[in-house]
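J.: okay, here's the prediction I keep looking at, along with the sequence it came from:
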Amino acid sequence: MNISNNTILITGGSSGIGLAMAKEFLKHDNVVIICGRNVKKLEQARLLNPKLRTITCDVSDDFSVSEMVNTVLKDYPSLNMIVNNAGMMHLHDVAKGSLTLELQKKEIMTNIYGGISLCDRFMPHLMKQKQSAIVNVTSGLAYMPFVASPVYAATKAAIHSYSLSIRAALKNTSVSVFEVLPPMVDTEMSHAIDMPGMKKMQAKNLAEITVSKIRRGQVEIRPGASAMMIKMYRWFPWMINKMMNSMAPKILADLPHY
């Protein structure tokens, strides 16, 4: 996949992994549009990175997505890559009912429906491009359950399966489908999670690895510790489950009350 001279839309691009990927793609002479719900964060990202283009959008909301898609297709007809990065993760103690159903629904709508909706809406346009790509950012947790965040792990498993399916369906088209399965990354989302012996990857390093692997055409990208965790889970699922489950009590002990 050519990683230069593309027009790229990155959801959840105002901070964390999304912003790091936006900066990395800018280095390779791409037009990069980031979207997010927080107008102030988008403005700050653009102030620090003047070449970025920004647009406000909540990917869990149909009207907001429809407005964004129409604007992007009108203003950026050369769009040929979308990066579905927007996501949310709530730590959740199921036994204590620590997360409202409404917040669980928001997590599902953002993490699953948001990405699928964008793929579906942009697909006719992407298929007309000479070379185009969909990049779905999931997680190493797509391969395994996580007691401390069951909804998040389930949503990432869903998008992993979806990525496999659409990759096969689009095999004979101009659209390549990539999936990035990060390990624990040092972002605002992960600040409440401290796993002994597991060092968090820096978002900048994740972005560099991701773009390099996309250039090489590697469709499933497992940076850092996620590669070993996934491999170990396939060989010894009982051991990885035991390790992950043992971390949950400490993580859930300091949960906020929603």
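T.: Here it is on my side, so go on.
J.: ok, Arg37 - contacts?
T.: Thr56, Cys57, Asp58 (CB atoms under 8 Å, 6 or more residues apart in numbering). Every residue, glycine included, has its C-beta placed from N, CA and C.
J.: quick one: it from Lys213, how far?
T.: 28 Å (CB to CB, to the nearest Å).
J.: next: Lys40.
T.: Taking CB to CB, one finds Lys40 at 32 Å from Lys213.
J.: check Met1 too.
T.: 10 Å.
J.: got any residues that touch both of these two?
T.: The contact sets of Met1 and Lys213 overlap at Phe178 (CB under 8 Å, 6+ apart).
J.: list the buried residues for the lowest-mean-pLDDT helix or strand in the chain?
T.: Ranking every helix and strand in the chain by mean pLDDT, DSSP states H and E puts helix 237-253 at the bottom, with a mean of 82. Buried positions in helix 237-253, judged by neighbour count with 16 or more other CB atoms under 10 Å: Ile240, Met244, Met247, Ala248, Ile251, Leu252.
J.: which of those residues lies closest to Thr155?
T.: Closest approach to Thr155 among those (CB to CB): Met244, at 16.8 Å.
J.: got a list of what the closest one touches?
T.: Contacts for Met244 (CB under 8 Å, 6+ apart) come out as Met144, Pro145, Phe146, Val147.
J.: apply 10 Å and report the result again.
T.: Contacts here follow CB atoms under 10 Å, 6 or more residues apart in numbering; on that basis Met244 touches Leu141, Met144, Pro145, Phe146, Val147, Ala148, Ala153, Met195, Met229, Tyr233.
J.: Lys128 too?
T.: Residues counted as contacts of Lys128 (CB under 10 Å, 6+ apart) are Pro77, Asn80, Ser174, Val175.
J.: buried residues in whichever helix or strand Asn70 is part of, which are they?
T.: Per DSSP states H and E: Asn70 is located in helix 62-75. Buried positions in helix 62-75, judged by neighbour count with 16+ other CB under 10 Å: Ser64, Val65, Met68, Val69, Val72.
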